[in-house]
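**Q** got a predicted model here, sequence first, then my questions.
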Amino acid sequence: MVTALKSAVIGTGVISKEHLQFLRHSDQAELVGVCDLSPAASRYAAEQFGAAAAYTDYRAMLDQAKPDVVHILTPPQTHQRLATDCLEAGAHVICEKPITLSYGDFETLWETAQRCDRHLIEDHNYRFNEPILAINQLIEDGSLGEIQEVEIRMALDVRNEGGRFADPNLPCPVHQLPAGVIHDVITHMAYLALQYLPSIDRVAAAWSNHGGGDLFKYDDLDAIAIGGSVHARLRFSSHTQPDCFSIIVRGTQGLAETDLFQPYLRCITPRSGGKQLSPLINQWVNGWELINASVSNFRRKVLQQTPYEGLHRLMAQTYSALSSGQAPPISFEDMARTSQLVEALLAQENRL
Amino acid sequence: MKLWITGASGFLGQYVVAAALAQGHEVMAVVRPQTNAQRLSWHDHPRVQLVRLDLRQGRGLEAALAGADAVIHLAAVKSGDFYTQFAGTVLATENLLSAMAAQGIGQLIAISTFSVYDYINIKPWGLLDESAPLVENPKRRDEYTQTKLIQERLYREFERDHQAQVTILRPGMIYGRDNLWHSLIGAEIGPSRWLRIGGRSILPMSYVENCAEAIALAASSSAAIGQTLNIVDDELPTQHDYTEMLLRVTAEPPRLISVSWASLRLLAWLAGQVNHRFCADQARLPGILVSDKIHARFKPLRYSNESAKRLLGWVPRYDFSQAVARSCGESDLLAVAHDPAKSPQRTVVPLGGG
């Protein structure tokens, strides 16, 4: 029999839908409270997702609902304060990215978690998407050889008029982050690249604001990180379309690529037909994969499935770990290295 | 009276400001910080005070309300995902009501919509009036319906908790200059084609100047307090009549592809069955293939504006042909004479004063 952990959520913005859907349907969690500064928002979320109570004061929620786990889904500027209070109240913390705004803040928060004997987990959801798990399996099987390069490319139309980031009437809080709107996604790019990067030896980054104006600090990033012999390129663009989140991993024997927004998996690897037949086999296999991906992506679109499938998988594994007293799937190393890489890239902002 | 009008630069709001001025009110016209107010003819009217703020942010709202006698709340977000509309409609309203309570302003004219009605459960050619049922399952409709229903709930809670004087007005489809082609007669398919759906249904419409006049009148109508009133014009046209008019006045009309209401209804029913049986109702289908949505747009019903006319003392000033002529004309519909006018008086009762 599964023992459900008492869960609570702080913040009911866009991403809360995914966390709350998991909590509503999981037999590992019991949603004891939802908190938002807006009474209407917390009430709506509580009603829609079956929370036991709605709160507008998270301290009252911690006192009354006494959750075992708190999901912090508020703007990043508030994470450290909220997470500290939740940890000190005896709750494990699952926090949206970026968990803190600097590596130093992360170290402080981690020390608090250690002192309180609680777990601290940053949401690295895309690592748990099926195509990424498939690429990692290929690497584990040795199909790609030694990894030499990884390219993470994200294109998002954040300057779209009418979009939440481009509204000049009420600037989104992410514009106040060190990397502006790119800070909202750079954690994803960093933790994905770091899966394949053994160390962070050298970095270079060009941060640009090609669209100009005062609202956006940057709208474009072109960065390289080198660890050992592995090169990672991180590229963010708000001026290319369509939106994409592509990952290409190249090894000494082959490559694998995907796009998490329109999932598919393309692999060029040595096949059983040897050097003569492998190119032909790769063509046929990839063509077949593409047909399958087209069908499944059409189905995903119609059934409103989002690229957040990895978040649900990550949450399930996290709750299992918390319930059984095992280490969560996102480790200190994962979060620390991610925070260090982002900080190192930010330090390059005026170098080019 | 001094009226605090939100959404003042919106399609309806700009006409409501003009109507309120024409009725002799002073207006505090609330526009977003980046709005170009110069395009609004009344922006420099001596009885207009522009208030620049974004209702999604509560900071500064209470102070900005100082001096107002009543609020006409039009601001809402009609596009974007649920969370965008929730912020622009629900959170904005919540902030406004909280500031009104703090400032002791107890009179609210709240603008809702026909979209809150549960069309699918009303019999064909039945009467849709203020007693019609509200949507039972808002998720089968769209984000606009969902957020406007939550908004109406907030209005009635504000009325109950603060003994406030709240009038909710639900306009039908509002049309006027630059807003003639609308979703009750069909759907755009590409830049030059229009799917023309149905023909016999009566259109629950209100010409924007008529609707604005009704809204402004509600501010000085004691009889409308606590009421919910539908706003539609007299002698409503059918889909066929309205579309024929559009073809006459549109310089380069789109090519029309006609589909009968019965055919579309059958198609949507079939799509719904497939969704239910094979997709557990999780498929997101185009709006014109969702029964709940097409009933809300094309179903033949009858409408009444009797309550609004009786309680507001309102008579729609322009009939259909006059409304079309004004919509297609060149005259400045927002111009209001600067002559000093006597503001209609009404006893303003502070919050908690009954």
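**A** Looks like it came in fine.
**Q** report the distance from stretch B:264-283 to the chain centre.
**A** Mean C-alpha position of stretch B:264-283 versus that of the full chain (CA atoms, centre = their mean, to the nearest Å) differs by 30 Å.
**Q** that stretch vs chain A: in contact?
**A** Yes: contact of stretch B:264-283 with chain A (CB under 8 Å from any CB of the partner chain) involves B:279, B:282, B:283. Every C-beta, even on glycine, is put in place using the N, C-alpha and C of the backbone.
**Q** and the second one, that's in a strand?
**A** Which is residue B:282. No: the assignment for residue B:282 by DSSP: H, G, I helix; E, B strand; the rest coil gives coil, which leaves it out of any strand.
**Q** mind checking how far the closest residue to residue B:173 other than its chain neighbours is from chain A?
**A** Nearest non-adjacent residue to residue B:173, counting by CB to CB, 6 or more residues apart in numbering or on different chains: residue B:205, 4.7 Å away. Using CB to the nearest CB, to the nearest Å, residue B:205 is found at 26 Å from chain A.
**Q** cool, residue B:200 as well?
**A** 32 Å.
**Q** for that residue, give its distance to residue B:298.
**A** For residue B:200, the distance to residue B:298 equals 10 Å [CB to CB, to the nearest Å].
**Q** may I see the buried residues of the top helix by length along chain A?
**A** If each helix of chain A is counted by residues according to DSSP state H, the longest one is helix A:274-302. When burial is assessed from 16 or more other CB atoms under 10 Å in any protein chain shown, helix A:274-302 yields the following buried residues: A:278, A:282, A:293, A:297, A:300.
**Q** compute the inter-axis angle for the next helix or strand after it and helix A:274-302.
**A** Under the assignment DSSP states H and E, the closest C-terminal helix or strand after helix A:274-302 is helix A:309-324. With axes from the mean of the first three to the mean of the last three CA atoms, to 10 degrees defining the directions, helix A:309-324 sits at 90 degrees from helix A:274-302.
**Q** which residues touch the helix or strand following helix A:309-324?
**A** Remark: after helix A:309-324, the chain's next helix or strand is helix A:332-346, criterion DSSP H and E. The contact list for helix A:332-346 (CB atoms under 8 Å, 6 or more residues apart in numbering or on different chains) reads A:98-100, A:102-103, A:106-107, A:110, A:120, A:122, A:124, A:178-179, A:183, A:186-187, A:190-191, A:193-194, A:200, A:203, A:205, A:221, A:223, A:225, A:234.
**Q** and with 7 Å instead?
**A** With contacts defined as CB atoms under 7 Å, 6 or more residues apart in numbering or on different chains, helix A:332-346 is touched by A:98-100, A:102-103, A:106, A:110, A:122, A:124, A:178-179, A:186-187, A:190-191, A:194, A:200, A:203, A:205, A:223, A:225.
**Q** thinking again about what came up before, next, the residue nearest to residue B:173: phi, psi?
**A** Geometry field for residue B:205 lists phi and psi as phi -120, psi 160, criterion degrees, to the nearest 10.
**Q** so what's the residue count around it?
**A** 26 (other CB atoms under 10 Å in any protein chain shown).
**Q** doesn't residue A:204 belong to a strand?
**A** Yes: per three-state DSSP, residue A:204 lies within a strand segment.
**Q** for it, which non-adjacent residue is spatially closest?
**A** residue A:224 (5.1 Å).
**Q** doesn't that neighbour belong to a strand?
**A** Yes: assessed by three-state DSSP, residue A:224 belongs to a strand.
**Q** ok, it - contacts?
**A** A:203, A:204, A:231, A:232, A:233.
**Q** let's see if you can find the most crowded of the residues you listed.
**A** Going by other CB under 10 Å, residue A:232 tops the contacts of residue A:224 with 26 neighbours.
**Q** just to check, that residue is in contact with residue A:199?
**A** No: Residue A:232 is beyond contact range of residue A:199, at 11.1 Å (criterion: CB atoms under 7 Å).
**Q** circling back to that earlier point, how about the buried residues of helix A:274-302 in a markdown table, adding pLDDT?
**A** A markdown table is the format used below for these (pLDDT from 0 to 100):
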| residue | pLDDT |
| --- | --- |
| A:278 | 91 |
| A:282 | 92 |
| A:293 | 95 |
| A:297 | 93 |
| A:300 | 90 |
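**Q** so which of those residues comes closest to chain B?
**A** For the buried residues of helix A:274-302, the closest approach to chain B (CB to the nearest CB) belongs to residue A:300, at 10.8 Å.
**Q** which residues touch the closest one?
**A** Neighbours of residue A:300 in contact, by CB under 7 Å, 6+ apart: none.
**Q** what's the distance between the closest residue to residue A:307 other than its chain neighbours and residue A:155?
**A** Sequence neighbours aside, residue A:260 is the residue nearest to residue A:307 in space, at 5.1 Å (criterion: CB to CB, 6+ apart). As judged by CB to CB, residue A:260 and residue A:155 stand 12 Å apart.
**Q** cool, thanks, talk later.
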